[in-house]
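Student: Sequence plus predicted model, see below.
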Amino acid sequence: MDVKLQIINQLKDGLIVSCQAKKDDPIYLPGIVEAMASSAIWGGAAGLRLNTPEDIKAVRKMTDLPIIGLWKIHSEKSKVFITPTMDAVRAVIEAGADIVAVDATDRLTAEGRIAFDIIPLIKKEFPNIVILADIRNAKEALHALKLGADFVAPTLYRFNDNPKSIDSPDFETLAEIIRVSEGRGYVLMEGKINTPEEAIQSLYLGAHAVVVGSAITRPHLTTLRFTVKMNKYERKMPLLY
């Protein structure tokens, strides 16, 4: 079986757990990402989403599950931060990722390139790697698939102009993305999925698999989600998390 198709089939109807920790997180400790990954594997995850070559390399030693790899690199020159350069792509793939996630919006990178233009560059240099395009809306999803992305995900939906929410899943956008993606590629639902019921709803709408991060792996954000609502929204959830 084709390697790409094998990876895609492994993820079908499954839960992909995003195991990430920022240095300013209260839970940031040596080995925390490996512990998150181990917990996700124990719980039956179909795949993992990991940030930085170091964490990808560490978790790759632990499992044969498909790994979505990315490298968040922030710049004052651009709002594009998910694997924004080919050097970052190479590092993620060399670390052991099966799938490379990139920003595929129409925003400019710090290099002055439109973000989605990285897709054909990846396909040329790494024809056998699976590409996940993190996008904001159906228009960007369709364009990313036409450029050759295998998966699209509304990971960046909250960076749309006037998003409906930055802390609740946008199922209407998901449904639109699934419609335009039919016959062109696969859709992962990613973006503030907080409950098993929301994951099931995503699959019902046609998502190939579901990515969940903060609700599982970052208890400080789960706590904040409760307190924000209980305190009548005096405090807001962060846009960048």
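Tutor: Perfect, thanks for sending it.
Student: the strands in the chain, which residues?
Tutor: 15-19, 47-51, 67-70, 99-103, 130-134, 151-153, 186-190, 209-212 (DSSP state E).
Student: right, so of those, which gets closest to residue 231?
Tutor: Closest to residue 231 of the strands of the chain is strand 209-212 (C-beta to C-beta; 24.7 Å). From N, CA and C alone the C-beta is placed, and that goes for glycine too.
Student: So what touches stretch 156-174?
Tutor: Contacts with stretch 156-174, where a contact means C-beta atoms under 8 Å, 6 or more residues apart in numbering, come from 79, 82, 103, 105, 134-138, 154, 187, 189, 191-194, 198, 201-202, 205, 207, 225, 228, 236-237, 239.
Student: what does stretch 27-40 give?
Tutor: For stretch 27-40, the external contacting residues (C-beta under 8 Å, 6+ apart) are 17, 19-22, 48, 50, 55, 58-59, 62-63, 216-220.
Student: are any of those buried, and which?
Tutor: Among those, the ones that count as buried by 16 or more other C-beta atoms under 10 Å are 17, 19-21, 48, 50, 55, 58-59, 216-218.
Student: any chance of these in JSON lines, with pLDDT and distance to residue 5 too?
Tutor: Below are the buried ones among the contacts of stretch 27-40 laid out as JSON lines (pLDDT from 0 to 100; distance: C-beta to C-beta, whole Å):
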{"residue": "17", "pLDDT": "98", "distance to residue 5": "22"}
{"residue": "19", "pLDDT": "98", "distance to residue 5": "25"}
{"residue": "20", "pLDDT": "97", "distance to residue 5": "27"}
{"residue": "21", "pLDDT": "95", "distance to residue 5": "32"}
{"residue": "48", "pLDDT": "98", "distance to residue 5": "20"}
{"residue": "50", "pLDDT": "98", "distance to residue 5": "22"}
{"residue": "55", "pLDDT": "98", "distance to residue 5": "27"}
{"residue": "58", "pLDDT": "98", "distance to residue 5": "28"}
{"residue": "59", "pLDDT": "98", "distance to residue 5": "23"}
{"residue": "216", "pLDDT": "97", "distance to residue 5": "28"}
{"residue": "217", "pLDDT": "97", "distance to residue 5": "29"}
{"residue": "218", "pLDDT": "95", "distance to residue 5": "32"}
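Student: Kindly reformat these as CSV containing distance to residue 130.
Tutor: CSV is the format used below for these (distance: C-beta to C-beta, whole Å):
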residue, distance to residue 130
17, 18
19, 19
20, 19
21, 24
48, 14
50, 14
55, 19
58, 21
59, 17
216, 23
217, 23
218, 26
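Student: so what's the closest residue to residue 155 other than its chain neighbours up against?
Tutor: Once flanking residues are discounted, residue 155 sits nearest to residue 134: 3.9 Å by C-beta to C-beta, 6 or more residues apart in numbering. The contact partners of residue 134, taken as C-beta under 8 Å, 6+ apart, are 70, 82, 101-105, 153, 155-156, 190.
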